[in-house]
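S.K.: heads up, no residue letters with this:
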């Protein structure tokens with residue numbers, strides 16, 4: 001390690017290309033000996049300002065300006081500079097090898113320093129030990145990023161392969177949505193279901209979360225509106241395919257038996273986390289994701305946030321100087337940023353404004369609080385209902401924004417809904433109406449009982 005720090009300094013002094021690749025990632029604290037750290041400090045100051053390699057004379061002049069440098073330390077630093085003057089020209093064939101070794105050197109030193117810092121924090125009552133995971137994560141993330149952009153002509157083959165490579169997506173269990181999204185939701189996206197109060201926002205999120213768990217996905221469901229147990233109760237009704245009232249009335253043995261049967265049919269996991277309304281933001285969500293990874297080895301495939309408008313912003317505080325447009329714009333941008341950072345799709349919900357709640361043709365302009373939500377999201381669809389639809393156990397869906405395919409595809413369609421079981425159903429057949437963007441559904445794939453009807457518990461078999 002001590003020998004390699006001298007090699008690093010020599011290459012920084014002798015090679016412009018090496019310096020441009022390595023200098024941005026090097027820190028003075030990475031050099032184990034004080035004299036090498038001092039020389040690198042003056043080197044870095046010159047290189048950052050002038051983007052050129054300093055001469056020996058320049059290094060000596062700058063060394064004289066280093067504050068609080070003792071005579072002994074200055075002598076040792078000048079010895080290192082003398083060695084730099086004797087550096088032989090670099091063999092270009094070894095350039096990539098030296099870059100790789102320097103990256104390894106930075107990673108090892110960063111981890112060593114982080115571990116020492118963490119141990120010191122445990123012995124210092126003024127330090128917060130909960131910050132240790134973040135310190136170690138930052139150290140483990142040290143890397144020389146060699147990607148400098150996409151060369152339009154030079155990377156043509158890779159781009160063609162990208163066009164024809166199947167993108168990792170989270171599929172719906174509703175074929176009508178898969179048809180309009182090219183078989184599911186891509187990663188690094190923000191997806192929004194829009195509806196009025198008590199229409200079906202949370203029902204859709206619960207249905208989708210249960211479907212993902214059934215497909216052996218790892219699901220994280222964050223609720224800021226209902227208790228964790230209430231969301232879990234709705235998931236129970238969906239997965240067990242029985243009304244919520246019947247879930248509550250099950251005996252302990254029958255309930256646990258049903259859960260065990262579900263566990264045997266899927267390897268998916270579902271974790272539900274509750275936060276107080278308007279008290280949690282993406283900073284809390286990010287910390288939760290890191291904690292789940294550390295404590296339970298759980299990295300979700302998809303994140304549900306119920307719902308956007310009752311989240312807080314991590315960047316701005318709501319007050320007299322901040323309007324609802326700016327505040328909700330910030331929340332939407334932070335959620336999408338979290339999706340990109342964690343490489344997962346995020347599904348959330350938003351409400352209609354007063355006009356949209358009673359409209360039969362809702363649009364993006366009817367999103368409550370902030371139109372910026374529409375500008376930020378990748379996929380938005382709306383749910384509306386009416387007395388006639390409600391009587392037929394149906395709900396109307398509209399696609400308002402779609403970055404995954406043409407928005408005109410299936411712009412308007414009917415879904416079956418069973419609120420007692422927290423389920424949605426595909427139309428059995430979709431027929432094109434005279435207008436190209438109008439679609440109506442005929443018979444549903446599954447018969448529906450009246451939502452007010454409850455099956456007597458005697459009809460539940462013990463081996464369900």
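M.R.: All right, it came through fine. What you are looking at is a predicted structure, and each value in this text was computed from that prediction instead of being measured.
S.K.: which SS class is residue 149?
M.R.: Look at residue 149: counting by DSSP: H, G, I helix; E, B strand; the rest coil, its state is coil.
S.K.: quick one: it from residue 155, how far?
M.R.: Relative to residue 155, residue 149 is positioned 9 Å away (criterion: C-beta to C-beta, to the nearest Å). The C-beta positions use only the backbone N, C-alpha and C, and glycine is treated the same way.
S.K.: what do you get for residue 71?
M.R.: Look at residue 71 and residue 155: by C-beta to C-beta, they are 55 Å apart.
S.K.: more crowded one of these two?
M.R.: Each of residue 71 and residue 155 had its neighbours counted (other C-beta atoms under 10 Å), and the higher figure belongs to residue 155 (13 against 7).
S.K.: so where's the stretch 301-450 of the chain uncertain?
M.R.: Counting by pLDDT under 70, the stretch 301-450 of the chain contains low-confidence residues at 320, 353-361, 363, 368-370, 407-410, 428-450.
S.K.: now the helices for it?
M.R.: Using DSSP state H, counting those that start in this stretch, the helices of the stretch 301-450 of the chain run over residues 324-342, 354-357, 372-376, 387-391.
S.K.: then the stretch 151-300 of the chain?
M.R.: Per DSSP H, counting those that start in this stretch, the stretch 151-300 of the chain has helices spanning 156-163, 175-181, 201-214, 228-240, 244-249, 252-265, 282-296. These are given in chain order.
S.K.: among the ones you listed, which is the most enclosed?
M.R.: The densest packing among the helices of the stretch 151-300 of the chain, expressed as mean neighbour count by mean count of other C-beta atoms under 10 Å, is seen in helix 201-214 with a mean of 24.
S.K.: from the chain's centroid, how far away is it?
M.R.: Here helix 201-214 shows a centroid-to-chain-centroid distance of 18 Å under the convention C-alpha atoms, centre = their mean, to the nearest Å.
S.K.: tell me the angle that helix makes with helix 252-265.
M.R.: Counting by axes from the mean of the first three to the mean of the last three C-alpha atoms, to 10 degrees, helix 201-214 points 60 degrees away from the direction of helix 252-265.
S.K.: which neighbouring elements make contact with helix 201-214?
M.R.: The elements that helix 201-214 packs onto, with contact taken as 3 or more C-beta pairs under 8 Å, 6 or more residues apart in numbering; DSSP states H and E, are strand 190-195, strand 218-223, helix 228-240, strand 269-274, strand 302-306, strand 346-351, strand 423-425.
S.K.: from the chain's centre, how far out does the strand of greatest length in the chain sit?
M.R.: What stands out as the longest strand in the chain, according to DSSP state E, is strand 394-402. In terms of C-alpha atoms, centre = their mean, the gap separating the centre of strand 394-402 from the centre of its chain is 25 Å.
S.K.: partners of it, with directions?
M.R.: As defined by DSSP bridges, the strand partners of strand 394-402 come to strand 379-384 (antiparallel), strand 412-418 (antiparallel).
S.K.: hang on, residue 372 packs against residue 325?
M.R.: Yes - under the criterion of C-beta atoms under 8 Å, residue 372 makes contact with residue 325 at 6.2 Å.
S.K.: looking at those two, which is more packed in?
M.R.: Set side by side, residue 372 and residue 325 give different neighbour counts by other C-beta under 10 Å, the larger being at residue 372 (18 against 13).
S.K.: OK, contacts around the more buried one?
M.R.: Under the criterion of C-beta atoms under 8 Å, 6 or more residues apart in numbering, the contact list for residue 372 reads 325-326, 328-329, 332-333.
S.K.: now with 7 Å?
M.R.: Shown in contact with residue 372 (C-beta atoms under 7 Å, 6 or more residues apart in numbering): 325, 328-329, 332.
S.K.: one more: residue 74?
M.R.: residue 63.
S.K.: distance of it from residue 67?
M.R.: Distance of residue 74 to residue 67, computed by C-beta to C-beta: 12 Å.
S.K.: and what of residue 198?
M.R.: For residue 198, the distance to residue 67 equals 67 Å [C-beta to C-beta].
S.K.: ok, residue 278 next?
M.R.: Using C-beta to C-beta, one obtains 49 Å as the distance from residue 278 to residue 67.
S.K.: between these two, which is the more surrounded one?
M.R.: Each of residue 278 and residue 67 had its neighbours counted (other C-beta under 10 Å), and the higher figure belongs to residue 278 (13 against 4).
S.K.: so the more buried one makes contact with residue 312?
M.R.: Yes - the pair residue 278 / residue 312 is scored as a contact, 5.5 Å apart, by C-beta atoms under 7 Å.
S.K.: center of this structure - which residue?
M.R.: With the centre of the chain defined as its mean C-alpha position, the nearest residue by C-alpha atoms, centre = their mean is residue 339, 2.6 Å away.
S.K.: nearest residue to it other than its sequence neighbours?
M.R.: Setting aside the residues directly before and after it, residue 339 is nearest to residue 346 in space (C-beta to C-beta, 6 or more residues apart in numbering), at 4.3 Å.
S.K.: what do you get for residue 85?
M.R.: By the measure of C-beta to C-beta, 6+ apart, the closest residue to residue 85 outside its immediate chain neighbours is residue 56, 4.8 Å from it.
S.K.: kindly report the same for residue 34.
M.R.: Spatial nearest neighbour of residue 34, excluding adjacent residues (C-beta to C-beta, 6+ apart): residue 73 at 6.4 Å.
S.K.: right, and that neighbour touches residue 36 too?
M.R.: No - with contacts defined as C-beta under 7 Å, residue 73 does not count as touching residue 36, sitting 11.5 Å away.
S.K.: quick one on the thing from earlier: can you redo the helices of the stretch 151-300 of the chain as CSV with mean pLDDT and distance to residue 417?
M.R.: Listed next are these as CSV, based on pLDDT from 0 to 100; distance: least, C-beta to C-beta, whole Å:
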stretch, mean pLDDT, distance to residue 417
helix 156-163, 83, 37
helix 175-181, 89, 13
helix 201-214, 94, 7
helix 228-240, 94, 12
helix 244-249, 92, 14
helix 252-265, 92, 22
helix 282-296, 90, 29
